[in-house]
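**Q** Sharing a model prediction with you, sequence too.
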2 protein chains.
Amino acid sequence: MSEAASAQVTRALIGASEFDRDTALTPRAPGVYDIDLSAGWTIINAVNGGYLLAVLGRALADALPHSDPFTISAHYLTASQPGPAVVRTETVRTGRTLSTGQASLFQRDEEGRETERIRVLASYGDLDSLPDDVRTTAEPPAIPPMERCLGPDDGPAPVDGSSAIADRLMLKLDPSTLGWALGQPSGKGEMRAWFGLADGRDPDPFALLLAVDALPPTAFELGLSGWVPTVELTAHIRSRPAPGPLRVAITTRNLAGGFLEEDAEVWDSRDRLVAQSRQLARVRLA
Amino acid sequence: MSEAASAQVTRALIGASEFDRDTALTPRAPGVYDIDLSAGWTIINAVNGGYLLAVLGRALADALPHSDPFTISAHYLTASQPGPAVVRTETVRTGRTLSTGQASLFQRDEEGRETERIRVLASYGDLDSLPDDVRTTAEPPAIPPMERCLGPDDGPAPVDGSSAIADRLMLKLDPSTLGWALGQPSGKGEMRAWFGLADGRDPDPFALLLAVDALPPTAFELGLSGWVPTVELTAHIRSRPAPGPLRVAITTRNLAGGFLEEDAEVWDSRDRLVAQSRQLARVRLA
């Protein structure tokens, strides 16, 4: 965690944080954007999928007449690298309450050929225009208070080759989903954490896109190690999050044939379910 | 249910059933297909979203080097009508084990303008190549034996304006999720049913795409009535289904701001979780 976050003396405002700076796009032409993918959001050497989703989410927010992602589906094609990238968007349909768009992120490979990294399809709306009505049977995750959860500062780095992204996040893991770090995975496909940005920036819909893919993979608690690449991830943003830390709970129920699903729920400080996501990921079976 | 299905004397084979005939595409050019959307799969006057997903799924199975949908995300743009349609596909990436493609379905509006109805992004593979390894904490849905569940033949049609699709499906609803039909919705966002094709055709991955969006909306059990249009639906096909009837369980946990999620699980006759899906849908609040 950065010093600013540890001290919580200054809190970065939305629009003026590391996350905003590193997801900012430069318009090149209508619907086309340049970005330098930051090395600050890598896990081992890979650029985090949630960070990339936030980048694409911001591109579509600019290109579409609506600015909030309601549902965004990403197919991860090839591994992104820190460095220059271009995002090309297409407006698929615009409506009064919802607009649909598509976006792709490209980078040049070693031979200079443009290679597509990720393609997303998304529908956007205006979260602030929705009625307050909520009927839910969902309950916030059972996670201990933040001071009883564990982050990178609380011990030797639990993840091999700990990664730049750890410095950008306030991530405090529920000890009961940390068995894998002590060589005793629980065998349950669960991972839970308190989540925030290290510089204290409050969450917004784009930070939710980051939050749904920022925890260690549930596969670790299933006793599997190694890389768990995302094939596809769909996130639903259900409400604008209130200021303050988020709680993220991830569940895997079914591992079969070398693939598993990860279902994420994100809860805000007002105990509202603000995002749901599901991804299909590949695992290397032991 | 059709007579053939009631009697269960003759069973249509995969490739030779109503479902195969009505999802068959005629190649027009590489990656471009014509189809006449059948009026046999309508609910009230709308073409069922699962039927449309199966049509797009078959187009991509033809266009891509892999033939089984592993994950398919559909954004529903405008309401499809029975009648002529064209499907245009694009191969996004081909790999050894997975290929990714995109497909859109278009129809002409009253002025003859081509209008996009649905766009999908999907990754395909070969289900038969996957290892048998399964680790799961998921359990088959608690649904009574089929003979204790209720279909359209078991009483007055429970859905107003009952629909052509009812003749194409073997759908037997769990009585405990049928309160809405008797004016006593349970208040729980649950819907469960036995599911098959009326002509006895066994399930395959494309029938799973139909199954995830074929039950009455969970909103009915939440006491809401009216149309619940799908904004986006993503389905994961996790295994090739065994012959015999499927069980489908749909759950809604969170209704907020006029939107809800519907999570579907599909189980085969060998008690395997063969498909998972989630959709974001709009509801009209009472």
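**A** It's in.
**Q** Just confirm yes or no for the longest helix anywhere in chain A near chain B.
**A** Counting residues, the longest helix found in chain A (DSSP state H) is helix A:49-63. No - Helix A:49-63 lies out of reach of chain B by C-beta under 8 Å from any C-beta of the partner chain, never closer than 12.2 Å. Glycine gets a C-beta too; all of them are placed from N, C-alpha and C.
**Q** what does stretch A:221-229 give?
**A** Yes - remark: stretch A:221-229 sits within contact range of chain B at residue A:222, by C-beta under 8 Å from any C-beta.
**Q** list the buried ones in that stretch?
**A** Going by neighbour count (16 or more other C-beta atoms under 10 Å in any protein chain shown), the buried part of stretch A:221-229 is A:221-222, A:224, A:228.
**Q** Also stretch A:211-222?
**A** Buried-residue list, stretch A:211-222, by 16+ other C-beta under 10 Å: A:211-222.
**Q** repeat for stretch A:17-36
**A** By neighbour count with 16+ other C-beta under 10 Å, stretch A:17-36 contains the buried residues A:17-20, A:22-23, A:25, A:31, A:33, A:35.
**Q** In contact with the closest residue to residue A:136 other than its chain neighbours, which residues are there?
**A** Leaving aside its sequence neighbours, residue A:136 sits nearest to residue B:254 (C-beta to C-beta, 6 or more residues apart in numbering or on different chains; 4.5 Å). Counting by C-beta atoms under 8 Å, 6 or more residues apart in numbering or on different chains, residue B:254 makes contact with A:134-138, A:238, A:273, A:276, B:260-261.
**Q** Go through those and flag which are in strands.
**A** Applying DSSP state E to these, the entries found in strands are A:134-136, A:273, A:276, B:260-261.
**Q** quick one: which of the residues you listed is most hemmed in?
**A** Top of the ones in strands among the contacts of residue B:254 by neighbour number is residue B:260, holding 26 neighbours under the definition other C-beta atoms under 10 Å in any protein chain shown.
**Q** Name the nearest residue to that one, sequence neighbours excluded.
**A** Closest to residue B:260 by C-beta to C-beta, 6+ apart is residue B:252, at 5.0 Å.
**Q** same deal with residue A:202?
**A** The nearest residue in space to residue A:202 (C-beta to C-beta, 6+ apart) is residue A:243, at 4.2 Å.
**Q** swap in residue A:133?
**A** What sits nearest to residue A:133 in space, not counting adjacent residues and going by C-beta to C-beta, 6+ apart, is residue B:285, at 5.4 Å.
**Q** Let's verify the one you found: helix, strand, or coil?
**A** coil (DSSP: H, G, I helix; E, B strand; the rest coil).
**Q** Mind exporting the C-alpha coordinates of the longest helix of chain A to PDB?
**A** The C-alpha trace of helix A:49-63 is given here as PDB (Å, rounded to 0.1, in the frame of the first residue of the first chain):
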ATOM      1  CA  GLY A  49      -7.900  -7.900 -16.400                       C
ATOM      2  CA  GLY A  50     -10.000  -5.600 -14.200                       C
ATOM      3  CA  TYR A  51      -7.800  -2.700 -14.900                       C
ATOM      4  CA  LEU A  52      -8.200  -3.400 -18.600                       C
ATOM      5  CA  LEU A  53     -11.900  -3.700 -18.200                       C
ATOM      6  CA  ALA A  54     -12.000  -0.300 -16.600                       C
ATOM      7  CA  VAL A  55     -10.000   1.200 -19.500                       C
ATOM      8  CA  LEU A  56     -12.400  -0.200 -22.000                       C
ATOM      9  CA  GLY A  57     -15.300   0.900 -19.800                       C
ATOM     10  CA  ARG A  58     -14.100   4.400 -19.800                       C
ATOM     11  CA  ALA A  59     -13.600   4.500 -23.600                       C
ATOM     12  CA  LEU A  60     -17.300   3.400 -24.100                       C
ATOM     13  CA  ALA A  61     -18.500   5.900 -21.500                       C
ATOM     14  CA  ASP A  62     -16.900   8.600 -23.700                       C
ATOM     15  CA  ALA A  63     -18.100   7.200 -27.000                       C
END
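**Q** just checking, what packs against that helix?
**A** Packing partners of helix A:49-63 (3 or more C-beta pairs under 8 Å, 6 or more residues apart in numbering or on different chains; DSSP states H and E): strand A:32-37, strand A:68-76, strand A:83-94, strand A:99-108, strand A:114-125, helix A:205-211, strand A:230-237.
**Q** what pLDDT does the residue of the stretch 101-250 of chain A found nearest chain B get?
**A** Residue nearest to chain B within the stretch 101-250 of chain A: residue A:130 (3.0 Å; C-beta to the nearest C-beta). Here, the pLDDT recorded for residue A:130 equals 94.
**Q** contacting residues around residue A:137?
**A** Neighbours of residue A:137 in contact, by C-beta under 8 Å, 6+ apart: B:188-189, B:253-254.
**Q** Out of those, which is nearest to residue A:199?
**A** Nearest to residue A:199, judged by C-beta to C-beta, of the contacts of residue A:137 is residue B:254 at 30.0 Å.
**Q** For the closest one, give me phi and psi.
**A** Note on residue B:254: backbone dihedrals following degrees, to the nearest 10 are phi -140, psi 110.
**Q** Next one: it from residue A:68, what distance?
**A** Distance, residue B:254 to residue A:68, using C-beta to C-beta, to the nearest Å: 17 Å.
**Q** Over to residue A:153. Which of the three states is it?
**A** Secondary structure of residue A:153, reduced to three states by three-state DSSP: helix.
**Q** Count the residues that sit near the residue in the stretch 151-286 of chain A that chain B sits nearest to.
**A** Residue nearest to chain B within the stretch 151-286 of chain A: residue A:257 (3.1 Å; C-beta to the nearest C-beta). Using other C-beta under 10 Å, the number of residues around residue A:257 comes to 22.
**Q** doesn't residue B:128 make contact with it?
**A** No - contact criterion C-beta atoms under 8 Å: residue A:257 and residue B:128 do not qualify, at 9.9 Å.
**Q** before we move on, the earlier item: can you redo the helices and strands packed on helix A:49-63 as TSV with distance to chain B and mean pLDDT?
**A** Putting the helices and strands packed on helix A:49-63 into TSV (distance: least, C-beta to the nearest C-beta, whole Å; pLDDT from 0 to 100) gives the following:
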stretch	distance to chain B	mean pLDDT
strand A:32-37	18	98
strand A:68-76	4	98
strand A:83-94	5	98
strand A:99-108	5	98
strand A:114-125	5	98
helix A:205-211	13	98
strand A:230-237	4	98
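**Q** Of those, give the one that comes closest to residue B:117.
**A** Closest of the helices and strands packed on helix A:49-63 to residue B:117 is strand A:83-94, at 10.0 Å (criterion: C-beta to C-beta).
**Q** which helices and strands sit right next to that closest one?
**A** On a contact count with 3+ C-beta pairs under 8 Å, 6+ apart, strand A:83-94 meets strand A:32-37, helix A:49-63, strand A:99-108, strand A:114-125, strand B:114-125.
**Q** Indicate which one of the ones you listed is closest to residue B:60.
**A** Of all those, strand B:114-125 sits nearest to residue B:60, with 5.5 Å by C-beta to C-beta.
**Q** who does the closest one pair up with?
**A** Strand pairing for strand B:114-125, determined by DSSP bridges: strand B:68-76 (antiparallel), strand B:99-108 (antiparallel).
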